Every structure is written in structure tokens, then in C-alpha cells.
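Student: predicted model and sequence follow; I will ask about them next.
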Amino acid sequence: MALDMIEELRPVMADRFVLTLINKKMITGKDFTKKEEIKHPYLDEKVEWGMIPFVQAMLLARYLRGDIDEYPPFFWK
């Protein structure tokens with residue numbers, strides 16, 4: 001199940017590349033203009049891109065506890 005979740009979030013993980021560039025001081029905070037927010041397709045709320053893995057992990061935890069009937073995978077158009 002964890003592998004499925006990682007596969008689902010692969011595009012978001014590209015942020016790791018950006019973090020490497022930041023750590024090597026190849027880019028700085030001035031190179032970013034704004035935090036992009038998206039409307040989460042399941043929650044119908046605005047969420048920052050960086051919080052998507054956390055949100056999906058919380059949804060998975062709710063599913064495993066039985067709080068929700070099924071795990072809603074993250075699909076972004």
C-alpha cells in the first residue's frame with residue numbers, strides 16, 4: 001500500500017530535486033514568487049502543494065482506522 005501511495009505522489013516528489021538545488025545554494029527563496037495552492041479533489045479545500053503528501057497520509061490513516069470507507073487516491077489534472 002505504501003508503494004502505491006508513493007507512485008501516486010511521484011510528481012510531487014519532484015520537489016526533492018528543488019530542495020537539492022536549495023541545499024546546494026543554486027537557488028534561493030527569492031527565486032520563488034508564491035506558494036501554489038490547489039483545491040484538493042476529495043476534501044474540496046485549498047491545500048498547498050507541499051502539504052499533499054501529509055494530507056494523503058492522513059487520509060490513508062483514516063481509511064485504515066475505518067473512519068472512511070475507501071482511500072481516495074490523489075489525481076490531479
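Tutor: In hand now; what should we look at?
Student: drop to CA atoms for contacts and neighbour counts, all remaining ones
Tutor: Fine.
Student: stretch 66-75 spans what distance, first to last residue?
Tutor: Its first and final residues considered, stretch 66-75 spans 22 Å by Cα to Cα, to the nearest Å.
Student: meant to ask about stretch 65-74
Tutor: 19 Å.
Student: which outside residues touch it?
Tutor: Taking contacts as Cα atoms under 8 Å, 6 or more residues apart in numbering, the residues outside stretch 65-74 that touch it are Met5, Glu8, Leu9, Pro41, Tyr42, Gln56, Leu59, Leu60, Arg62, Tyr63.
Student: ok, now stretch 42-51?
Tutor: The contact list for stretch 42-51, computed with Cα under 8 Å, 6+ apart, reads Val12, Lys35, Glu36, Glu37, Ile38, Lys39, His40, Pro72, Phe74.
Student: mind checking how far the residue sitting nearest the centre point of the chain is from Lys24?
Tutor: Nearest residue to the geometric centre of the chain (Cα atoms, centre = their mean): Ile52, 2.4 Å. From Ile52 across to Lys24, the span is 25 Å (Cα to Cα).
Student: do Asp67 as well
Tutor: Taking Cα to Cα, one finds Asp67 at 42 Å from Lys24.
Student: hang on, the earlier thing: where does the residue nearest to the centre of the chain sit, in terms of helix or strand?
Tutor: helix 52-65 (DSSP states H and E).
Student: average pLDDT across that helix?
Tutor: Average pLDDT, helix 52-65: 90.
Student: now swap in stretch 16-29 and tell me
Tutor: pLDDT averaged over stretch 16-29 equals 78, rounded to a whole number.
Student: can you give me the helices for the chain?
Tutor: 2-8, 10-13, 15-23, 52-65 (DSSP state H).
Student: who touches the third one?
Tutor: Counting by Cα under 8 Å, 6+ apart, helix 15-23 makes contact with Ile27, Thr28, all of which sit outside it.
Student: all good on my end, thank you.
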